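Asker: what's the 3D shape of this:
(one chain, ligands or ions: 2)
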Amino acid sequence: MKNILVVGGAGYIGSNTVRVLEIKGYSPIVYDNLSKGHKKAVRGIPFIKGDLGDKKKLKTVFSKFKIDAVMHFAAFTEVGESVITPAKYYENNVAKVLNLLDAMVESGINYFVFSSTAATFGEPVKELIDETHPQNPINPYGRTKLMVENILKDYDHSYGLKSVCLRYFNACGASPDGKTGESHDPETHLIPLVFQAALGKRESIKVFGNDYPTPDGTAVRDYIHVNDLASAHILALEKMAKENKSAWYNLGSGSGYSVKEIIETVKEVTGLDFKVENAPRRAGDPAVLVADSAKAKQDLKWEPQFNLKEIIKTVAKWERKRKY
Ligand SMILES: NC(=O)c1ccc[n+]([C@@H]2O[C@H](COP(=O)([O-])OP(=O)(O)OC[C@H]3O[C@@H](n4cnc5c(N)ncnc54)[C@H](O)[C@@H]3O)[C@@H](O)[C@H]2O)c1
Ligand SMILES: O=c1ccn([C@@H]2O[C@H](COP(=O)(O)OP(=O)(O)O[C@H]3O[C@H](CO)[C@@H](O)[C@H](O)[C@H]3O)[C@@H](O)[C@H]2O)c(=O)[nH]1
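Answerer: Numbers count the residues shown, from 1 in each chain. Ligands and ions are numbered 1, 2, ... in the order given. Below is the predicted model of the structure:
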């Protein structure tokens with residue numbers, strides 16, 4: 001288990017995982033169409049520009065680089081956009097994934113790590129979301145990811161393709177050395193947008209909804225550092241390969257923070273003040289999403305290393321000298 005094809009590896013979470021794979025002695029190879037990612041994020045790593053839908057190219061890459069396992073990050077990722085243009089999401093996040101899975105089956109590659117999401121659960125029916133929580137997504141994005149989770153169960157049963165579905169809560173933060181971080185154009189995620197407001201790159205930060213049933217009325221999320229996600233990928237891959245068994249894990253810190261608390265923490269860490277405005281709720285957003293990650297902690301011996309303040313500090317470092 002050495003050569004790992006990282007599909008979508010030029011993106012935010014993928015590129016951070018590539019760096020951690022490298023540190024742990026693996027040979028990551030990046031496959032990305034650069035629709036959202038950045039080649040600069042994976043400088044020095046073998047890179048193939050290609051689309052998820054290109055089965056022929058994928059099979060050529062598998063054999064050329066003697067791929068042992070695939071980590072699949074490529075997808076469209078925005079909850080709000082998925083409500084407006086669901087077709088785009090079903091095509092990229094479901095239909096094209098079949099090409100990748102079929103190429104793997106035809107090439108005899110048996111190990112797959114999938115970027116799933118908290119959005120597969122929908123509105124929580126209990127405070128902390130563990131792996132037994134019902135999966136009733138309330139937006140097209142969450143439905144696309146749940147569809148792939150189900151496809152993977154069938155591919156395991158019928159073709160012996162083993163997979164781990166990692167349901168991340170809200171990925172955030174930058175590498176501690178400040179070299180890789182979040183860079184989307186346009187940006188839609190809360191923490192980078194708050195930084196844009198703090199650095200005067202936008203007039204204000206808009207709070208989407210202040211009438212949620214939460215302590216301060218704003219939506220609560222579980223923010224988990226990208227390097228913590230990266231280490232979970234490697235631990236999950238190793239366990240899957242050792243036991244030749246599929247698995248599912250919810251990955252979060254177990255602590256929920258409201259939009260207002262995020263804004264206050266950025267103000268505190270940076271010492272900068274900026275304008276905050278109330279705006280209507282964003283379609284497709286649940287009020288609260290917080291993980292119970294006991295299963296990952298127990299089975300994988302995984303422990304998140306970054307608390308919220310530390311996360312915001314890594315973003316501050318990245319934002320000061322970002323290169324892409
Ligand atoms: N960001 C989060 O908080 C979060 C939370 C849960 C799950 N996820 C999932 O994690 C994964 C990575 O998210 P991210 O935030 O790094 O997103 P990102 O947009 O930064 O990265 C995705 C990468 O995939 C590439 N890509 C997209 N479609 C492709 C295609 N058809 N062919 C080849 N490459 C393609 C993009 O160019 C980009 O580099 C996604 O699957 C996302 O759904 C993200
Ligand atoms: O300008 C902004 C941007 C966001 N928000 C709110 O901040 C929270 C977090 O939003 P965002 O950073 O866009 O993340 P989510 O919509 O929670 O989705 C992320 O986290 C999910 C897992 O929980 C992943 O599946 C998605 O891919 C990823 O985009 C939400 O309540 C938003 O409404 C604002 O109030 N103002």
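
Asker: stretch 181-196: end-to-end distance?
Answerer: 14 Å (CA to CA, to the nearest Å).

Asker: which positions within it qualify as buried?
Answerer: Buried residues in stretch 181-196, counting neighbours by 16 or more other CB atoms under 10 Å, are found at 181-184, 190-196. In this view, the C-beta of every residue, glycine as well, is placed from N, C-alpha and C.

Asker: briefly note if it comes near ligand 2.
Answerer: Yes - remark: stretch 181-196 sits within contact range of ligand 2 at 188-190, 193, by CB under 6 Å from any ligand atom.

Asker: cool, and stretch 251-259?
Answerer: Yes - against ligand 2, stretch 251-259 shows contacts by CB under 6 Å from any ligand atom at V259.

Asker: check the offset of that stretch from the chain's centre.
Answerer: 15 Å (CA atoms, centre = their mean, to the nearest Å).

Asker: let's see it as CSV, backbone CA atoms only.
Answerer: The C-alpha trace of stretch 251-259 is given here as CSV (Å, rounded to 0.1, in the frame of the first residue of the first chain):
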residue,chain,number,x,y,z
LEU,A,251,-15.3,13.1,11.7
GLY,A,252,-15.7,16.1,13.8
SER,A,253,-14.4,17.7,17.0
GLY,A,254,-17.5,17.1,18.9
SER,A,255,-17.9,20.8,19.7
GLY,A,256,-20.4,23.1,18.0
TYR,A,257,-19.8,26.8,17.3
SER,A,258,-22.3,29.3,16.1
VAL,A,259,-21.7,31.7,13.2
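
Asker: buried residues in it, which are they?
Answerer: In stretch 251-259, counting by 16+ other CB under 10 Å, buried: 251-254, 256-259.

Asker: who's the residue lying closest to V288 once chain neighbours are set aside bridged to?
Answerer: Closest residue to V288 apart from its sequence neighbours, by CB to CB, 6 or more residues apart in numbering: V220 at 4.4 Å. Counting by DSSP bridges, V220 forms beta bridges with S258, V288.

Asker: quick one: V220 and A291 touch, right?
Answerer: No - contact between V220 and A291 fails when scored by CB atoms under 8 Å: they sit 11.9 Å apart.

Asker: looking at these two, which is more packed in?
Answerer: A291 (29 against 22; other CB atoms under 10 Å).

Asker: roughly how far does the more buried one sit from D222?
Answerer: 5 Å (CB to CB, to the nearest Å).

Asker: show me the strands in the stretch 1-150 of the chain, by range?
Answerer: 3-7, 27-32, 47-49, 69-72, 111-117 (DSSP state E, counting those that start in this stretch).
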